[in-house]
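Need coordinates for the below:
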Amino acid sequence: MKALFLFFTQGEAGAPEYLSRTGEQGAEAFAETISAFISESLKIPITANYSARAKSLNEDAIWRSFKQQTDFSNAMRASLQFYSEVLIVAGNDHRTLKTAETLAKSLALPICVDNRLDKYKESKPYIGNLTSSLIDLIENFEENFCPKIVLVGTALKSLLEWVEAHKSLEEVQQFAEILTISSENDCIPAVFIAGMNKDGGNISWVMDLPKIIN
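Next up is the predicted model:
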């Protein structure tokens, strides 16, 4: 079983519970790019039935019921029944959620929230991190119940910590520099794509880190 995972980082914070103007503009540009990528590169007809999905998200009570961490598995299953090819998951930091909300609105898809997705080892209190959340998420996938792409709202530190477990220190250091540049010092969303393969109980990742060319 295979799926593509697209990780995206946070827009810059502004007023309490909001993104800054720079963060908002970055999130909007990111959402437009991802929508085009899904439609044109992955050939997923995400614009089909957009209005019907948007109407359901605005009106159906089920989408207002998934507010807690304990609802994540149910939210994920409901989302994949709603639209089987694309799944949006995100951590619960307000920067992560606001960035994810912009994307979700552009795709007319719900967000499944797992508090651990934008956490890392230094987070206080420690409740888990991106690594533990991804393991639990993928365990819920089945051969006929797996999206083509998972869009993961996370934090810069969380993403780097996860990549550290799979790549050498030198590669991660270069990757961190590139992420800092592409995110304009963690002000706009940066993107990283990895391929996931699940064979029985074994999960493996295919990732090609960008490199700095001198």
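
so after the longest helix along the chain, what's the next helix or strand?
Counting residues, the longest helix in the chain under DSSP state H turns out to be helix 21-36. Per DSSP states H and E, the first helix or strand lying C-terminal to helix 21-36 is helix 50-59.

quick one: average pLDDT of the longest helix of the chain?
Helix 21-36 comes out with an average pLDDT of 97.

repeat for stretch 118-132
pLDDT averaged over stretch 118-132 gives 90.

So which bits of it are buried?
Neighbour-count burial for stretch 118-132, counted by 16 or more other Cβ atoms under 10 Å, picks out 118-120, 123, 128-131. For the C-beta atoms, the positions are set from N, CA and C on the backbone; glycine is no exception.

Phi, psi for the residue nearest to the spatial centre of the chain please.
Nearest to the geometric centre of the chain sits Val152, at 1.1 Å (Cα atoms, centre = their mean). Main-chain dihedrals, Val152, degrees, to the nearest 10: phi -110, psi 110.

so who does it touch?
Val152 makes contact with 5-8, 89-90, 117, 130, 134, according to Cβ atoms under 8 Å, 6 or more residues apart in numbering.

host element of the nearest residue in space to it that is not next to it in sequence?
Closest residue in space to Val152, ignoring its immediate chain neighbours: Phe7 at 4.7 Å, by Cβ to Cβ, 6 or more residues apart in numbering. Using DSSP H and E, Phe7 sits in strand 2-8.

That strand to helix 21-36, inter-axis angle?
Direction vectors for strand 2-8 and helix 21-36, defined by axes from the mean of the first three to the mean of the last three Cα atoms, to 10 degrees, enclose an angle of 160 degrees.

Parallel or antiparallel, which strands does strand 2-8 pair with?
When pairing is defined by DSSP bridges, strand 2-8 lines up against strand 149-153 (parallel), strand 191-199 (antiparallel).

Convert the C-alpha atoms of that strand to CSV, please.
Taking C-alpha atoms only, strand 2-8 is exported to CSV below (Å, rounded to 0.1, in the frame of the first residue of the first chain):
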residue,chain,number,x,y,z
LYS,A,2,1.4,3.4,-1.0
ALA,A,3,0.5,7.0,-0.5
LEU,A,4,2.1,10.4,-1.1
PHE,A,5,2.6,12.6,2.0
LEU,A,6,2.9,16.3,1.5
PHE,A,7,4.1,18.1,4.7
PHE,A,8,3.5,21.9,5.0
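
distance between that strand and the chain's centre?
Chain-centre distance of strand 2-8: 8 Å, with Cα atoms, centre = their mean, to the nearest Å.

State the mean pLDDT of it.
Averaging pLDDT along strand 2-8 yields 97.

Going by neighbour count, which residues of that strand are buried?
Neighbour-count burial for strand 2-8 flags 3, 5-8 (criterion: 16+ other Cβ under 10 Å).
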